[in-house]
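Asks: Provided below are the primary sequence and the corresponding predicted coordinates.
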Amino acid sequence: MHILHVVGARPNLMKVAPVLDALAAYPHVRQTLIHSGQHYDTNMSDVFFQQLRIPAPDVNLEVGSGSHARQTADIMTRFEPVVLERKPDMVLVYGDVNSTVAAALVCSKLRIPVGHVEAGLRSFDRTMPEEINRLLTDQLADILFTPSEDGDTNLAREGIAPGKVHRVGNVMIDSLIRLLPAAREKRQNGLPDNYVLVTLHRPANVDDDRVLKGILGCLLEVNSRAQVVFPVHPRTQQRIKDFGIDAGKLTLLEPQPYIEFLALQRRAKAVVTDSGGIQEETTYLNVPCLTLRDNTERPITVTMGTNILVGQDGAKLRAEFAKILEGKAKQGSIPPLWDGKAGERIAAILSRPSKS
Ligand code: UD1
């Protein structure tokens, strides 16, 4: 059996690593890894391959950046001949990035079965490009692996046959559990006990100069009470420069490697973010998370975990942050099946002999 995996952007890499690993235990499974090249900077891609011990991709499509249409179309055009040549029995796609939907669309037209890892998540906000990618990928997929019960419910509502859906847990947490010991060994890097970790990259938060200035202004206030440590995504770096914003008082860092970022998260007093994956990681680590979005495709991090949605409401951010500093942070628990074995469950399902 030949399984071909497609990755493209940073958040795909923590998801593919445990699946590659778990499938390697099945001698009859051959695996191929394709990188679309959507993320191409060393610190957005290569360093994650090294730390997560992902083998070098068999093919890199080197699409790079572009508009959504251009990037998605480029991935499709370059990926199609690779699939035709490699003839996989199944293609696995991960998460909700442009590489995910592009590969799913190519394979479904070629009648190659598609498996979607991290299926069923919904923010119900179609202004987010990721939501479009999730909806379409799930419609196209032949087998869908969900991280939590809300995923199954969303898929059932959209008419996906329950027989195609497997609740396996959270693959991202598999990688976290594996590399947490390495993160614990990382030194404090001169940071105090009371720092707040920030990440920011969603177009809704960084592409409009008034919104970005508002958020950074609020973070400067937070910074006067606890040092703000902010690894800056390339998109955000560009916008800060374009809009001529002075964020120099914050502790600005380059995008961090996986283990270093995990080390920063686990020791943070609080995390302020608009990322999806970080909402999950903070829930697992029991670190308070204030999410700069009005909605989340990961509601379990709010209902069970440490996540609070503050949107772009500066007053709410300040109020929630004050509670954390007073020792009244929200307490959470770890959702079911976020146990480090999601990749193994996926591999066990995929490696079953087919009934046909
Ligand atoms: C993508 C995903 C998003 C995910 C995020 C994690 C989509 C629609 N979005 O957003 O879901 O949370 O990755 O990072 O797929 N750039 C670089 N170097 C790189 C990659 C990007 O400088 O290695 C810059 C380019 O200027 C590019 C911009 O960042 O135009 C945005 O990159 P892109 O891949 O289009 O989307 P992300 O914002 O990273």
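Replies: Arrived safely. Everything numeric here is computed off the predicted structure, so don't read it as measured data. Residues are numbered from 1 along each chain as shown.
Asks: In contact with residue 175: list those residues for me.
Replies: Listed by C-beta atoms under 8 Å, 6 or more residues apart in numbering, the contact set of residue 175 reads 14, 15, 17, 18, 52, 258. Where C-beta positions appear, they are placed from N, C-alpha and C, glycine not excepted.
Asks: again, but for residue 128
Replies: If you count contacts by C-beta under 8 Å, 6+ apart, then residue 128 has 202, 204 around it.
Asks: Begin at 717 from now on, thanks
Replies: All set: I'll call the first residue 717, so the last point we hit is now residue 844.
Asks: helix/strand/coil for residue 772?
Replies: coil (DSSP: H, G, I helix; E, B strand; the rest coil).
Asks: If you drop the residues flanking it in sequence, what lies closest to residue 913?
Replies: residue 984 (4.1 Å; C-beta to C-beta, 6 or more residues apart in numbering).
Asks: okay, and for the stretch 767-916 of the chain, where does confidence drop off?
Replies: Applying pLDDT under 70 to the stretch 767-916 of the chain flags no residue at all.
Asks: quick one: the strands in it?
Replies: All strands of the stretch 767-916 of the chain, identified by DSSP state E, counting those that start in this stretch, fall at 775-776, 806-810, 830-833, 859-862, 881-883, 912-914.
Asks: tell me which strands and helices the longest one is in contact with?
Replies: Helices and strands in packing contact with strand 806-810 are listed as strand 718-723, helix 726-739, helix 814-825, strand 830-833; criterion 3 or more C-beta pairs under 8 Å, 6 or more residues apart in numbering; DSSP states H and E.
Asks: how about TSV for the strands of the stretch 767-916 of the chain, with distance to residue 823 added?
Replies: Output for these, formatted as TSV (distance: least, C-beta to C-beta, whole Å):
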stretch	distance to residue 823
strand 775-776	15
strand 806-810	5
strand 830-833	5
strand 859-862	12
strand 881-883	19
strand 912-914	37
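Asks: Make JSON lines from the ones you listed and add distance to residue 902 and mean neighbour count to it.
Replies: Putting the strands of the stretch 767-916 of the chain into JSON lines (distance: least, C-beta to C-beta, whole Å; neighbours: other C-beta atoms under 10 Å) gives the following:
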{"stretch": "strand 775-776", "distance to residue 902": "29", "mean neighbour count": "16"}
{"stretch": "strand 806-810", "distance to residue 902": "26", "mean neighbour count": "27"}
{"stretch": "strand 830-833", "distance to residue 902": "28", "mean neighbour count": "26"}
{"stretch": "strand 859-862", "distance to residue 902": "31", "mean neighbour count": "24"}
{"stretch": "strand 881-883", "distance to residue 902": "33", "mean neighbour count": "19"}
{"stretch": "strand 912-914", "distance to residue 902": "13", "mean neighbour count": "26"}
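Asks: and of these, who's closest to residue 744?
Replies: Residue 744 lies closest to strand 806-810 among these, at 12.9 Å (C-beta to C-beta).
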